[in-house]
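Q: what shape does this take:
(chains A and B)
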Protein chains: 2
Amino acid sequence: MRTITNPSQNEWQKELARPVQKMKDIQKIVKPIMRKVSRQGDKALKKFALEYDHVEIDNLLVTREEINEAYELVDEPLKDAIQQAKVNIEKFHQAQQTEDLSMEVMEGVTCMRRSVPIQKVGLYVPGGTAPLFSTVLMLGVPANIAGCEEIVLCTPPNKEGKVHPAILYTANLIGIDKIVKAGGAQAIAALTYGTESIPQVAKIFGPGNQYVTAAKQLATKKGIAIDMPAGPSEVLVYADETAVPAFIAADLLSQAEHGIDSQVVLVASSAKVAKKAIKEVDKQLKDLPRKAIAKKALENSVAVVMGNQEKAIALINDYAPEHLIINVENEDEVVAKIVNAGSVFIGNFTPESAGDYASGTNHTLPTYGFARNYSGVSLDSFVKKITYQKITEKGLQKLGPTIEVLAGNELLDAHKNAVSIRLKYLKDNQ
Amino acid sequence: MRTITNPSQNEWQKELARPVQKMKDIQKIVKPIMRKVSRQGDKALKKFALEYDHVEIDNLLVTREEINEAYELVDEPLKDAIQQAKVNIEKFHQAQQTEDLSMEVMEGVTCMRRSVPIQKVGLYVPGGTAPLFSTVLMLGVPANIAGCEEIVLCTPPNKEGKVHPAILYTANLIGIDKIVKAGGAQAIAALTYGTESIPQVAKIFGPGNQYVTAAKQLATKKGIAIDMPAGPSEVLVYADETAVPAFIAADLLSQAEHGIDSQVVLVASSAKVAKKAIKEVDKQLKDLPRKAIAKKALENSVAVVMGNQEKAIALINDYAPEHLIINVENEDEVVAKIVNAGSVFIGNFTPESAGDYASGTNHTLPTYGFARNYSGVSLDSFVKKITYQKITEKGLQKLGPTIEVLAGNELLDAHKNAVSIRLKYLKDNQ
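A: Numbers count the residues shown, from 1 in each chain, chains lettered A, B, ... in the order given. All right, here's what the predicted structure looks like:
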């Protein structure tokens, strides 16, 4: 972890540059996969399961028996923990519901807005060594609250052709009944085009490797929406003397263990704060099972000593971190000035992992600087907000002439005429 | 305008197919333009103004004098109409503000959410024969309410190097002080990269021709967000015997005059309803100044006779129209069943042009079927919703063990450790 001191604004971009993502080559690999699934459907998915997951799949859909089995296999402490996380995530996402809006803007002119669920959504849950049931919660719970008609979950099977019981348990707990054994770009393709056993969806959510990311990008060209552009996960910790160095280090490492391309940034109020934290990082790193990964990630990472708080805040907003931990004495003041961040963790006892799992906020957040212009996943991500308007005869008599003037000046006479013809009708029928 | 009767569900996609958009060839033209602007900044913009707008531009930014001049040139009736539209749009978009959310999810665990404006936004207003000041209102008003720090408006100059006074007047009225004389792909490039006189923005809004659309797509690859994917404008009118045929026709034509690739669809409850409406279309078409365009658009268009209302609604939801006019007797019942539409216009006296200009709803809406998975532009489009969490010592003691179990089961030990190290600290310091 490099340390830089008081960098000037024109150095920020270079010094805090994120690892470059090369998607073009990967799209070349992904395109034929997408095409094959679009043409051959389930058959292609089974073929790719054999090729990439090394397993023969007869039934792409998880069965009732497999769900029952999962209930036996998940131990009670994990069940309880999943339940607690589910309750918190539900509470916070339920609170995000917006009431229908209806207002008489002027006499006889009523405008309305209503949240309507996206009908069909696809959730992707990556495979690999760890069962990411937390992703099932973070995507499935809001999809459920939104009222999406069909929720399809795709996740790769292991070598026995099974899905990890914790994923099945969680998915079933929140009422997802279509779980598909398909992973990688082929799963995204199935959700994009639909197959015999998998419905085409309108929006695809979820993390994944670069193949999944590339496939999601290609899906957008087919009219499918995606949750947000993806990039490696990242955290920025802003700390002063009131922060406990061991906590700073633990938070930096919890991000670093995600992957070798993760980026962690420490902004410290003094050289001393930075030094103590880095010392703790080195100490804690030794005992981590994923220390090889974390070590690599730390090589991309930097500690910035920034004595001036205004400048520190400017740098944070410029970087726009996915996760931002604010661990300074005047935390409220600083938090109020943050304009670009995915999710903010405040104080010594709010580790990032709380939000990753169980505090209630969503862990699907904008990375790679997208916190400048994107929100994290929320209830909003699963609905469209449709507007409505209803104008009475009297309302049109009042507003109509305004519309006529505006349309006329934009030289759109048919637009104008749609009003004029009605006003004339009202006059003739008075 | 073709008429088809009671098509079965598997024919819908084919019969109501939208005109195909070919973006690849256009991107080949747009890429070098983007590159040149990224390298040469203002110089490139001036060069392209000469090449495409046939005018030499000394000062890319509109001056105070030009604004003053515009105030003289816009006549009072137009000023009044713009003011009325502004008031309605403001009212409806102000009502979209969401209060900050803060809740103690469990003892000591507080989750919050706050809307924070996107700092810098770019608004594109196309040139051409008509001055699209309505677009300035539809984008500028919510940007203003959201509190965006910097709002940059780009629009092409005319051959005299001027911007239409109605655009300048409207932009100034809503407080946009940076108006740039730049159009086409080069304007989008300037907003994407920034130049000497134009700041780089985080999100770009606004309609445009296919070059602008292609440039916006390329901007997203540079980390800039855009309002939504673009496609030709469209309307679907659902009518029964209670609808006035002349009104149906006027609404269909007001969409058809937009461009030759516009699509208009009539869903009629009977052959008689369709026949009467089409007769009126032919009649009204004759008198339209833009009849050549409207006629071409009508060639892409179709009247569907659908006696069964449930099927008619299913077809509408399948098509997902940008603008949907519901003109049937049991309108409330039908409106409640609409799940895919950009904006809905209810009853005989609510023409689409009301929403296009002045009722208060936004006219920037998802076209091309994107109403399935996108909302129209609203106040939400100009903010990010940042989440926050603050956990007390007691809160972490309560929730911490849950996080430990979850992180441990996902094999992310550093995530677990960020909690364990804090719980240990609390135990040791009790």
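
Q: enumerate the residues of the stretch 51-200 of chain A near chain B.
A: Where the stretch 51-200 of chain A comes near chain B, counting by Cβ under 8 Å from any Cβ of the partner chain, the residues are A:77-78, A:80-82, A:84-85, A:88, A:91-92, A:95-96, A:98, A:101, A:103, A:105-106, A:109, A:111, A:113, A:116-119, A:129-134, A:166. All C-beta spots, glycine's among them, are computed from the backbone N, C-alpha and C.

Q: go with 6 Å
A: A:77-78, A:81, A:84, A:88, A:91-92, A:95, A:101, A:103, A:105, A:109, A:111, A:116, A:118-119, A:130 (Cβ under 6 Å from any Cβ of the partner chain).

Q: so which of those belong to strands?
A: With strands identified by DSSP state E, the entries of these that belong to them are A:101, A:103, A:105, A:109, A:111, A:116.

Q: what's the closest of the residues you listed to A:Ile403?
A: Distances from these to A:Ile403 were compared by Cβ to Cβ; the smallest belongs to A:Val109, at 10.6 Å.

Q: what's the neighbour count on that closest one?
A: Number of residues near A:Val109 (other Cβ atoms under 10 Å in any protein chain shown) recorded here: 25.

Q: can you say which of the residues of the stretch 51-200 of chain A next to chain B are buried?
A: Neighbour-count burial (16 or more other Cβ atoms under 10 Å in any protein chain shown) is assigned, among these, to A:78, A:81, A:84, A:88, A:91-92, A:101, A:105, A:109, A:111, A:116, A:118-119.

Q: what residues does the helix or strand containing A:Gly140 touch?
A: Mapping A:Gly140 onto the secondary structure by DSSP states H and E places it in helix A:133-146. Applying Cβ atoms under 6 Å, 6 or more residues apart in numbering or on different chains, the external contacts of helix A:133-146 come out as A:85-86, A:89-90, A:93-94, A:117, A:121, A:123, A:125, A:151, A:166-167, A:170-171, A:174-176, A:205, A:357, A:362-364, A:379, A:382-383.

Q: ok, the ones in strands among the residues of the stretch 51-200 of chain A next to chain B vs A:Tyr193, which is closest?
A: Using Cβ to Cβ, A:Val116 is the member of these that sits closest to A:Tyr193, with 24.2 Å.

Q: need the pLDDT of that closest one.
A: The predicted local confidence for A:Val116 comes out at a pLDDT of 98.

Q: ditto for A:Asn300
A: The score at A:Asn300 is 83. That number is its pLDDT.

Q: can you tell me, leaving aside adjacent residues, what's nearest to A:Glu160?
A: Leaving out its chain neighbours, the residue that sits closest to A:Glu160 by Cβ to Cβ, 6 or more residues apart in numbering or on different chains is A:Val55, at 7.0 Å.

Q: wait, that neighbour sits on A:Lys159?
A: Yes: at 5.5 Å, A:Val55 and A:Lys159 qualify as touching, with contact defined as Cβ atoms under 6 Å.

Q: more neighbours: which of these two?
A: Summary of the neighbour comparison: A:Val55 and A:Lys159, criterion other Cβ under 10 Å, with A:Val55 having more neighbours (16 against 8).

Q: that one and chain B: what is the separation?
A: Computed with Cβ to the nearest Cβ, to the nearest Å, the distance linking A:Val55 and chain B is 21 Å.

Q: hang on, A:Gln255 is in a strand, isn't it?
A: No: the assignment for A:Gln255 by DSSP: H, G, I helix; E, B strand; the rest coil gives helix, which leaves it out of any strand.
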